[in-house]
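*Asks:* generate coordinates for the sequence data below:
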Amino acid sequence: MHFFFSLLTIFISKSVSLTFVNPESCALDQYFDSSQLICKQCPPGSRATADHQSCSCDEKHKKTQADNQSKIECTPCSEGQIASVDGWGCIGQISDTNTCQLNEARSFRQTNGLLLPKVTCMPCVSGTHPRPDSTVCIPCDQIIYGSQCLCEPPNVKIDGICVNPNDLVTDSPNLYIIHENGLKIETTFFRNHLRIAEYMCRKFQNQTACQLLGNLCALLHYKRGEKNRGYGRNACDLFLRITRDDNEIFVEWNLMLIFRSQGMPWLYYFHDSAEHILSKSDIPVQYSFESENRNSSFLNFMLAAYSLTGEYLGMLPATDGSLQLCMLTRSSRAFTFQVGKYYMQQCNIGTELLKELPDAVFFDVYLKYDSFENVSAVELYPVPVLNLNYEEESGYPNKIANAPWLWHLNRRIWLIDMSSTKESSVEENRLVRYAKRISIQTTVQLYNDGKIVPPLFTIEYSSISLESLKNGKTMPITFEVVYIDSEDNLSFFLKITLTVSVVLCVVLAIFRSWTWAKQTGKRVLDFAALIKFIVAFCSFASTIVYCIIAAASFYTLMIHKSKRHPHVLMPSFEGEKLWILILVVAFAFKVVDMVLFYIEQITSEVFFIDWEKPRPAGSRKNEASSSASMISSSASTVSIWRLVIIANEWNEIQTYRKSSHSFQLIVVLFFLKVLHFESLASVEPGFQLEQISNESCDTSLSRLAIVGSLYFIVWSVQCIFHVLITEQCFWNQFRYFIDLCSVCNISVLALRYRLYGYYLHGRSVHGFAEADMDEIHEMLRREKENLCEQRGLEPNSKNQIFTVCLQSQFRKQYDDIFDVLVTAVKTKRMHNGKSLSTIEDEQRVKAFYTMNKFLINFIDHCIADLPYLIKDKLFTEALLNCEFQDTSNCSIFYRDPSEIAFSSLFFYGNEAKLMLFDLMLFTFVDMIAKNYTIAAFVAYIVTKSLKIVRKSGGRKNIARTIVFIVPPLVKVVVVVVEITSTCSSVFLLFFFDGQTQIAHARRDQFDPGRPSPLVVFFVLAWIGMQKVQIVGQLLGRVEIVDGNKTVFRGDRLVVGSTQHDRH
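*Replies:* Take a look at the predicted model:
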């Protein structure tokens, strides 16, 4: 039984399955049954039609029944008869061949429908010819000379039309030549169609021929052969000869009427400047950013399409993507022409995509809007075209930017041309010509909200050889939609502001150079003064120019997004190129400024003045405690530990800042990427914070506006929090350093320039600093209870920080001593750490103590030839940060109530300069990479590197006066940790960013209780960046070396006014 059911199953399955049959494989007497998908036999006396979809009776049979393909009955005709044309009757033959003459038609029935006795041949009258089935005479559809539809000599047949050669334009090779990229191509298409199209258009106003002639002119980019030396007459000359004489002048308003009345396409704007055409107010629509009416919130462009041979293909909306060669999504088609929305699409097309593009379709562009006179009517406004490839003998006038009085506007455009470049001698096209860039620019009327002037289509063509395409090269395509205001207010404002700023920068640079010359003691201008002037100008110019452009960009972007009607608009992609160039120059100026800034920071002269003196034997008795300490048997010596501690702290605060750069970048990226603030940079109406889409388009200036404002806000919050909260409630790095100097009994003299610098008075009010625990406790108690003098340089004064302007005599004596000290240090370095001779060692020590004694005597007014005064700055001096008083005979110490003036020697006092450089670096990289993450990474690496350079240079600078170094092993460990931290942060960045993109691509829904991958990245990256500072603090030790012998190795010491903790 099982075997029986198996056989039955096989039989049923065999009967259900079908064998695939192609209709063309059926025999001549078989037709294809589409219901059963098989070939079937036609009834007797019939045969299959050409497509094998049905059967029809043959010439010897007539139809008696024809319900469908399979139910046709054919009855044989009598001897000497054949079937009529319709197949329903039989009629006598006229001959064995049953054919008529070439210019005769066969007749089978009378006018009342009755069959004739036999086939009758009737001659066609002049101007007609038989239809292909020879049943009736029809008018000749081409222009034919003679009484019959025959092309007889001397007439010739061109493109299927018989004409007299004398009526055609004179044949010339120049008529068929296309000049493209220096190549001279004689095309087959022009040779076959140009002369006959001109003839048909000129003599008979044939619209298809006129459209064809217009297309051929458009393929030449509207170049006049007669007006270009060496080109000769071409299609455009022939087209213009039909429309008008060369001396005839038409005005723009009746051009359409003239062309239409002659059946000609409108290609040219004659003798009417583009400046006038593009400033018309003929479009009555008031466009809006927020209107629900699509006609007032979108630019509805319509395209009158024509084939290459001139056939009209219909009116197409531009939203279907006919103008865009790149692939489009549904959303991009919908919002491409939204009013106020900047749009840019770029792609590269290769051979595969090229096959899918329609070849040689021509468009006349119109702007559609509702008629105000008739609500139910729709009006079309012709849109002018600026073809950048238009050429005259003088060059390419349309390529001259912002010169509309020189432009030549046209009407018709095309996107791809693969037909006209085929030469007679080759089988394939030599070139592919394509629209490289299409820019739709809409100008908004400034004082008429919502009104626009005629949009301008700017198109640039290029070409590429087929051989290059086959070798893998592609065609770059750009399509953009931009809006500008009629007065270009932003550019006007920037030009005026920057012009005034340049003059201001020159004045400030001169003032800065004069101040510098005074601070360095220069009496005459020299090359160094010129360099200082240039650098000062670069500093002021970069700062002012960048801030002005960033602020103007932010203001314009906010107005663009918030207004209901387009009023103030962001510059277009082409319009912002000038400002981008200015920003690049400003960044270059800032780099020059920062180079000098780092040089000055690293090369400033620093000397630590040790006030401590050896204490005589028996003076170490503790008077504050009831238990007296043991009295030393010999006089105590002064230790160098205090000096090293101060030098170490000085080195630590060199790169200390009010803001954390790594935290700054993390927060900025968090706002841009996680909270989608980057979407605010898209130039479109509204403030939507959402995932940025492919349809969103931002410009370099809009990105600058968002990044600059966000960066500045985060930096300001950091600085305010640091100054008002951290320094007031927790710790003040510079206040602690001043306290440490006072406890250690060490002052600091730091000279920024030869005669200008800062003095930190750290002389202990107790007269000594080296004491035991009981003595330290007693000294701090006395200060706390105000039982001792103030720490200031002046009696009963708290001012410990002074800006010093020194006399040249002081500098001379200082240099004499300092040169000996520096020479000794250099000599020691040349010996690679080996022991110095006793004479050199004594000379170095003697020079150090001589300098220390010299500075002590100077501060204590013990040198009669080097007096100094202590005073406050005048209001103008404090305002301009300069000193006007003469110091040739007496040095001046200016009080600094803020006690942070000397911070200008460090990063802390130049926070704004460093922030601006960081921001300019960030935006500069973003302009190139168009990626916020890459910009942040590069900014982090550069800033970290510069910080290492600054700290290393500062350490070496201090070593010029004190011989101490950081162990090489510690340096290597710190660098390795920094590199590891950076690499781990980059890995986390790309990993989590990639995971986020995958999740968005898959449309995954994140768990609301789980943080976003980008959030996790920002947290981990912040931890990774911070561990560099932690490890640096743990390993940042100082080592004192005297020859090959290690004298001291200690950790960082932190001292407050009421505590002395060693960590």
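
*Asks:* where in the stretch 751-900 of the chain is pLDDT low?
*Replies:* Confidence mapping of the stretch 751-900 of the chain against pLDDT under 70 gives the ranges 821-841.

*Asks:* in whichever helix in the chain runs longest, what's buried?
*Replies:* The longest helix of the chain (DSSP state H) is helix 527-562. Across helix 527-562, burial judged by 16 or more other CB atoms under 10 Å covers 529, 532-550, 552-554, 556-557, 560-561. Glycine gets a C-beta too; all of them are placed from N, C-alpha and C.

*Asks:* now swap in stretch 209-227 and tell me
*Replies:* Going by neighbour count (16+ other CB under 10 Å), the buried part of stretch 209-227 is 209-225.

*Asks:* now do it: distance to the chain's middle.
*Replies:* Distance of stretch 209-227 from the chain centroid (CA atoms, centre = their mean, to the nearest Å) equals 37 Å.

*Asks:* same thing with stretch 128-142?
*Replies:* Centroid separation for stretch 128-142 versus its chain: 64 Å, with CA atoms, centre = their mean.

*Asks:* report the distance from the helix or strand hosting residue 65 to the chain centre.
*Replies:* Using DSSP states H and E, residue 65 maps to strand 61-66. Put simply, strand 61-66 sits 75 Å off its chain's centre (CA atoms, centre = their mean).

*Asks:* same deal with stretch 535-551?
*Replies:* Offset of stretch 535-551 from its chain centre (CA atoms, centre = their mean): 22 Å.

*Asks:* so which strand or helix has residue 911?
*Replies:* Going by DSSP H and E, residue 911 is part of helix 911-929.

*Asks:* show the average pLDDT along the following helix or strand past that helix.
*Replies:* With elements assigned by DSSP H and E, the helix or strand that comes after helix 911-929 is helix 932-958. Across helix 932-958, the average pLDDT comes to 91.

*Asks:* and helix 932-958, what's buried?
*Replies:* Quick answer for helix 932-958 (16+ other CB under 10 Å): 932-933, 935-940, 943-944, 946-947, 950-951, 953-955, 957-958.

*Asks:* same question for stretch 862-874.
*Replies:* For stretch 862-874, the neighbour count (16+ other CB under 10 Å) marks 866, 868, 873 as buried.

*Asks:* got phi/psi on the first one?
*Replies:* With angles defined as degrees, to the nearest 10, residue 866 sits at phi -130, psi 70.

*Asks:* who touches the helix holding residue 911?
*Replies:* If you take CB atoms under 8 Å, 6 or more residues apart in numbering as the criterion, helix 911-929 is touched by 542-543, 546-547, 580, 583-584, 586-587, 590, 594, 597, 657-659, 661, 664-665, 700, 703-704, 707-708, 711-712, 715, 719, 907, 932, 934-936, 938-939, 942-943.

*Asks:* one more pass at 7 Å, please.
*Replies:* 543, 546, 580, 587, 590, 594, 597, 657-659, 661, 700, 703-704, 707-708, 711, 715, 719, 907, 932, 934-936, 938-939, 942-943 (CB atoms under 7 Å, 6 or more residues apart in numbering).

*Asks:* what of stretch 524-533?
*Replies:* For stretch 524-533, contacts defined as CB under 7 Å, 6+ apart pick out 509, 510, 513, 516, 517, 522.

*Asks:* which among those count as buried?
*Replies:* Neighbour-count burial (16+ other CB under 10 Å) applied to the contacts of stretch 524-533 gives 509, 513, 516, 517, 522.

*Asks:* verify the contact between the second one and residue 536 for me.
*Replies:* Read it as residue 513. Yes - using CB atoms under 7 Å, residue 513 is in contact with residue 536, at 5.8 Å.

*Asks:* so what pLDDT did residue 999 get?
*Replies:* Note for residue 999: predicted pLDDT of 45.

*Asks:* spell out which residues make up each domain of this protein.
*Replies:* Domain ranges of the chain: 20-76, 78-139, 165-244, 274-487, 488-603, per automatic domain parsing.

*Asks:* pLDDT on the first one, on average?
*Replies:* For domain 20-76, the per-residue pLDDT values average out at 77.

*Asks:* just the third one next, same as before
*Replies:* Taken as a whole, domain 165-244 has a mean pLDDT of 82.

*Asks:* now the longest one
*Replies:* Along domain 274-487, the predicted confidence averages to a pLDDT of 85.

*Asks:* measure it end to end?
*Replies:* End-to-end distance for domain 274-487, by CA to CA, to the nearest Å: 16 Å.

*Asks:* try the second one
*Replies:* Using CA to CA, the end-to-end distance of domain 78-139 comes to 36 Å.

*Asks:* longest strand in this protein, by number of residues?
*Replies:* strand 431-444 (DSSP state E).

*Asks:* that one packs against which elements?
*Replies:* Secondary-structure packing of strand 431-444 (3 or more CB pairs under 7 Å, 6 or more residues apart in numbering; DSSP states H and E): strand 456-465, strand 475-485.

*Asks:* now it against strand 475-485, angle please.
*Replies:* Here the directions of strand 431-444 and strand 475-485 differ by 10 degrees (axes from the mean of the first three to the mean of the last three CA atoms, to 10 degrees).

*Asks:* mind exporting strand 431-444 as PDB, just the C-alpha atoms?
*Replies:* The C-alpha coordinates for strand 431-444 follow below in PDB (Å, rounded to 0.1, in the frame of the first residue of the first chain):
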ATOM      1  CA  LEU A 431      33.900  61.100 -24.100                       C
ATOM      2  CA  VAL A 432      31.100  61.300 -21.600                       C
ATOM      3  CA  ARG A 433      30.100  64.800 -20.900                       C
ATOM      4  CA  TYR A 434      28.200  65.500 -17.700                       C
ATOM      5  CA  ALA A 435      26.900  68.200 -15.400                       C
ATOM      6  CA  LYS A 436      29.700  68.400 -12.800                       C
ATOM      7  CA  ARG A 437      28.000  70.900 -10.500                       C
ATOM      8  CA  ILE A 438      24.500  72.300 -10.400                       C
ATOM      9  CA  SER A 439      23.800  75.200  -7.900                       C
ATOM     10  CA  ILE A 440      20.300  76.700  -7.400                       C
ATOM     11  CA  GLN A 441      20.700  80.100  -5.900                       C
ATOM     12  CA  THR A 442      17.600  82.000  -4.700                       C
ATOM     13  CA  THR A 443      18.000  85.600  -3.700                       C
ATOM     14  CA  VAL A 444      15.700  87.000  -1.000                       C
END
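
*Asks:* now do that strand against strand 456-465: the angle between them, please.
*Replies:* The directions of strand 431-444 and strand 456-465 differ by 160 degrees, with the same axes, to 10 degrees as the criterion.

*Asks:* buried set for strand 431-444?
*Replies:* 431-444.

*Asks:* grab the nearest non-local neighbour of residue 359.
*Replies:* Nearest non-adjacent residue to residue 359, counting by CB to CB, 6 or more residues apart in numbering: residue 418, 4.9 Å away.

*Asks:* what backbone torsions are found at the one you found?
*Replies:* According to degrees, to the nearest 10, residue 418 has phi -120, psi 10.

*Asks:* thinking again about what came up before, farthest-apart pair in the contacts of stretch 524-533, please.
*Replies:* Across the contacts of stretch 524-533, no pair lies farther apart than 509 and 522, at 16.0 Å, counting by CB to CB.

*Asks:* closest one to residue 458 out of the buried residues of stretch 862-874, please.
*Replies:* Distance to residue 458, by CB to CB, is smallest for residue 873 among the buried residues of stretch 862-874, at 59.1 Å.

*Asks:* now do that closest one against residue 898, distance only.
*Replies:* Distance, residue 873 to residue 898, by CB to CB, to the nearest Å: 12 Å.
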